[in-house]
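Novice: task: produce atomic coordinates for the following.
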Amino acid sequence: MDYQNSLLDDENESQNDEISNEVIQSLPANAFWVKFAAVIYFISNLIIIGTVSFLLSFLPATWGVSVIISCLIYFSISLWANFILFDYGNKITEFIRSKNINDFANVIQSRKLFWKISVWLIISLVVLAFLAIFFVFFSLQSNRF
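Specialist: As a prediction, the model looks like this:
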């Protein structure tokens, strides 16, 4: 019997008030990797913050304020997403301990919130990239005359 059919069979047996054993058994590994990704994500954000701070010293003064504002927007959304991701891992661990259906609902809600924030992060990166290109182009055009 393949994986999908076994989950469906377990779901039919559980009458929607239990979660299949296969799902529960896969969660400890998921919790580890979600928390690991959150730590790596946090470290990479710190590296990016350090790099941007270093590069700010090489930018013209007119670009500095716009770059700082753009970076603050990005990093605030990014760190928020990082904390939500780590909380998602903690909620998985909490569900593994309790095996309560309400805790599983919290896991799903955390995952949904993380992906919503991730979409906003991607949108903000695209907007910030366009703003950066606009400011660079505008600055180069104003220096020409």
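Novice: would you tell me what the next helix or strand after the lowest-mean-pLDDT helix or strand in the chain is?
Specialist: Ranked by mean pLDDT, DSSP states H and E, the weakest helix or strand in the chain is helix 3-14, scoring a mean of 50. Helices and strands here follow DSSP states H and E; after helix 3-14, the next one along the chain is helix 21-56.
Novice: hey, what's the angle from the host helix or strand of residue 122 to helix 21-56? Just curious.
Specialist: Assigned by DSSP H and E, residue 122 belongs to helix 101-144. Orientation of helix 101-144 against helix 21-56 (axes from the mean of the first three to the mean of the last three Cα atoms, to 10 degrees) gives an angle of 20 degrees.
Novice: run the chain-centre distance for helix 101-144.
Specialist: Averaging C-alpha positions (Cα atoms, centre = their mean, to the nearest Å) puts helix 101-144 10 Å from its chain's average.
Novice: for residue 48, give me its contacts.
Specialist: Listed by Cβ atoms under 8 Å, 6 or more residues apart in numbering, the contact partners of residue 48 are residue 75. Every C-beta, even on glycine, is put in place using the N, C-alpha and C of the backbone.
Novice: skipping adjacent residues, who's closest to residue 90 in space?
Specialist: Excluding the flanking residues, the one nearest residue 90 by Cβ to Cβ, 6 or more residues apart in numbering is residue 35, at 7.6 Å.
Novice: measure that neighbour to residue 42 for me?
Specialist: Using Cβ to Cβ, to the nearest Å, residue 35 is found at 11 Å from residue 42.
Novice: the residue nearest to residue 90: how many residues sit nearby?
Specialist: If you count neighbours by other Cβ atoms under 10 Å, residue 35 ends up with 18.
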